[in-house]
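>>> 3D model of this:
(2 chains)
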Amino acid sequence: MPTPIDRDQVQGLLAEGAQLVEVLPQPEFEEEHLPGAINIPLKTLDAETTRRLERERPVTVYCHDYQ
Amino acid sequence: MSPRAAWRLESIGFEQVYDYVAGKADWGSFGLPLEGTKGARAGEHVRADVPTCRLEERLREVRHQVSATGWDTCIVVNASGVVLGRLGRKALASEEDVAVQAAMTAGPSTVRPSITLAAIVERMQSQKLTSALVTRSDGRLGGVLRRTDAEAALEAASSDPSLSSQGREGQ
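Here you go, the predicted structure:
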């Protein structure tokens, strides 16, 4: 079950080497994103597009807000 | 959207999945750095050394403390740093000796650190404001953005695009 986390926990996980994924469409990602994030839009999220993620490391996903 | 993405990742086989549900709106509203083409943000140029005071303090004492700092404004905050009001030039020039809460402008307008420089400069120019009060999404004071600082930073960013393509933490 995915774990909801807050801003401080995001920073803690990043410090420990977690991967960060923005799932918004590419234009919104290019406009602004968290440092170090990669973009895999929700509509394209599958086994193929997530190959560049390491399964052994934590993954944090985010979008704009509570939408 | 991110909860669906998190569950989708789990269905693909990822076991350590976290969901930052408040997202980049929350991140930016706390003045944390963002990257991208949107442009430089106010939070990078906010002055955090603006003087602050409490509701119950006496205006005379606050006036004395503020004048020593060179500022012409003082932000009224509570014990948690949440903005409750603002003492402007007029209030600070007053000879009255009342409690701060009787002299302050309550509920002053604020902006978030994540507002772009272009947007806040346009607002300050159109409303003839010399500064903007910056708060985080929990109401805590971030600082004050001076229009002269914002205009200079915007001009620098327009002449050097690299300055507007990467966020920097300024608080």
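
>>> switch to C-alpha atoms for all contacts and neighbour counts from now on
Fine.

>>> In contact with residue A:40, which residues?
Contact criterion C-alpha atoms under 8 Å, 6 or more residues apart in numbering or on different chains gives A:21, A:22, A:23, A:24, A:25, A:26, A:49, A:50 as the residues in contact with residue A:40.

>>> Next, format these as TSV and append pLDDT.
Putting the contacts of residue A:40 into TSV (pLDDT from 0 to 100) gives the following:
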residue	pLDDT
A:21	98
A:22	98
A:23	96
A:24	96
A:25	96
A:26	96
A:49	96
A:50	96
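
>>> near chain B too, which of these?
Judged by C-alpha under 8 Å from any C-alpha of the partner chain, the overlap between those and the neighbourhood of chain B comprises residue A:23.

>>> Buried members of the contacts of residue A:40 into PyMOL, please.
Here is the PyMOL command that selects only those of the contacts of residue A:40 that count as buried (16 or more other C-alpha atoms under 10 Å in any protein chain shown):
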select buried, chain A and resi 21+22+23+24+50
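
>>> Could you tell me the model confidence score at residue B:163?
Here the pLDDT value assigned to residue B:163 is 55.

>>> Repeat that for residue B:109.
The confidence metric pLDDT takes the value 93 at residue B:109.

>>> OK, contacts around it?
Residues near residue B:109 by C-alpha under 8 Å, 6+ apart: residue B:133.

>>> Phi and psi next, for it.
For residue B:109, the backbone dihedrals (degrees, to the nearest 10) come out as phi -70, psi 140.

>>> Just the element for the spatially most central residue of chain B, please.
When C-alpha atoms, centre = their mean is applied to chain B, the residue found nearest the centroid is residue B:134 (2.0 Å). Using DSSP states H and E, residue B:134 maps to strand B:131-135.

>>> Heading C-terminal from that strand, find the next helix or strand.
In N-to-C order, the element after strand B:131-135 by DSSP H and E is strand B:141-146.

>>> Tell me how far that next one lies from the chain's centre.
The chain centroid and the centroid of strand B:141-146 are separated by 5 Å, computed with C-alpha atoms, centre = their mean, to the nearest Å.

>>> now swap in stretch B:52-69 and tell me
Centroid displacement of stretch B:52-69 relative to its chain, using C-alpha atoms, centre = their mean, is 21 Å.

>>> For residue A:12, grab the count of nearby residues.
Around residue A:12 sit 11 other residues, with neighbours defined as other C-alpha atoms under 10 Å in any protein chain shown.

>>> Which other helices and strands does the helix or strand containing it contact?
Per DSSP H and E: residue A:12 is located in helix A:7-15. Helices and strands touching helix A:7-15, by 3 or more C-alpha pairs under 8 Å, 6 or more residues apart in numbering or on different chains; DSSP states H and E: there are none.

>>> Who are the contact partners of the residue positioned nearest the centre of chain A?
Most central residue of chain A, judged by C-alpha distance to the mean C-alpha position with C-alpha atoms, centre = their mean, is residue A:21 at 1.7 Å. Contact partners of residue A:21, counting by C-alpha under 8 Å, 6+ apart, are A:37, A:38, A:39, A:40, A:59, A:60, A:61, A:62.

>>> List phi and psi for it.
Residue A:21 has phi and psi values of phi -130, psi 120 when expressed as degrees, to the nearest 10.
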